[in-house]
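Visitor: structure for the following, please:
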Amino acid sequence: MTEREKQAAGLPYLACDPEVLADLKPCEEECFQLNRLSPLLTEERTKRLRRLLGKTGSNFKIIAPFFCDYGYNIEVGEDFFANTNMVILDEAKVTFGDNVYIAPNCSFYTAGHPLNVVQRNADIGYALPIRIGNNVWIGGNVVVLPGVTIGDNTTIGAGSVVTHDIPGNVVAAGNPCRVIREIKP
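Guide: Numbering: from 1, shown residues only. Got it, this is the predicted structure:
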């Protein structure tokens, strides 16, 4: 199994492997070019984002600056909105449902490193997918860690660090993020 295949399977992999690193520079360049575009060039920005991301709905908007590692591991649904300074480390798939709203300065990290210092210093990494359901609102300065799923109709409060799955139909906040209350339909 190659290091790239291990990465895609959620297994420990050598993060400095040339195949793993191959798509990082082209994505970094595309993010650089995207973030240099005038805000008035909406169509050009949308066109570039459609090429960069793995899947997009027909209606979405991502405000600059925006940064990601690969791009093609990111899927956004219909009526997706992300405010300024979103960072997605998409070593694994990151899926956003429909009607997702993301406030400024939010980060989604699929990539992690072992706690074992010998493995970490050997540049071993892992990547676990992130799934964000439909009708989710994520407040400012939220960090979502590897392997997390956030259920439908949920609100994540500003400043939260989401370290584990959050169910649907709740308000959750804090560090670590925890359910505060249910949302009744």
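Visitor: now do the contacts for residue 184.
Guide: Listed by C-beta atoms under 8 Å, 6 or more residues apart in numbering, the contact set of residue 184 reads residue 169. Using the backbone N, CA and C atoms, a C-beta is placed for each residue, glycine as well.
Visitor: contacts for the one helix or strand residue 172 maps to?
Guide: Counting by DSSP states H and E, the element that carries residue 172 is strand 170-174. Residues outside strand 170-174 that contact it (C-beta under 8 Å, 6+ apart): 139, 151, 154-162, 166, 178-183.
Visitor: check stretch 68-77 too.
Guide: 23-24, 27, 30-31, 52-57, 60, 87-100, 110-111, 134.
Visitor: if we can go back for a sec, inside strands: which ones of the contacts of strand 170-174?
Guide: In this view, the contacts of strand 170-174 that belong to strands under DSSP state E are 155-156, 161-162, 178-182.
Visitor: closest one of those residues to residue 126?
Guide: The shortest gap between residue 126 and any of the ones in strands among the contacts of strand 170-174 belongs to residue 162, at 17.5 Å (C-beta to C-beta).
Visitor: pretty sure the closest one is touching residue 146, no?
Guide: No. Counting by C-beta atoms under 8 Å, no contact exists between residue 162 and residue 146, whose distance comes to 10.5 Å.
Visitor: how far off centre is the strand holding residue 172?
Guide: The offset between the C-alpha centroid of strand 170-174 and the centroid of the whole chain comes to 19 Å, using C-alpha atoms, centre = their mean, to the nearest Å.
Visitor: for stretch 30-49, same thing?
Guide: When distances are taken as C-alpha atoms, centre = their mean, stretch 30-49 is centred 19 Å away from the chain's centroid.
Visitor: on that earlier part again, list the buried ones in the strand holding residue 172?
Guide: Neighbour-count burial for strand 170-174, counted by 16 or more other C-beta atoms under 10 Å, picks out 170, 172-173.
Visitor: determine the longest helix present in this protein.
Guide: The residue-count maximum for a helix in the chain (DSSP state H) belongs to helix 24-36.
Visitor: ok, and what's touching that helix?
Guide: Among residues not part of helix 24-36, those counted as contacts by C-beta under 8 Å, 6+ apart are 45, 48-49, 51-52, 64-71.
Visitor: neighbour count for these - can I get that in JSON lines?
Guide: Shown next, in JSON lines, are these (neighbours: other C-beta atoms under 10 Å):
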{"residue": "45", "neighbour count": "21"}
{"residue": "48", "neighbour count": "16"}
{"residue": "49", "neighbour count": "19"}
{"residue": "51", "neighbour count": "11"}
{"residue": "52", "neighbour count": "21"}
{"residue": "64", "neighbour count": "16"}
{"residue": "65", "neighbour count": "14"}
{"residue": "66", "neighbour count": "19"}
{"residue": "67", "neighbour count": "17"}
{"residue": "68", "neighbour count": "23"}
{"residue": "69", "neighbour count": "20"}
{"residue": "70", "neighbour count": "24"}
{"residue": "71", "neighbour count": "21"}
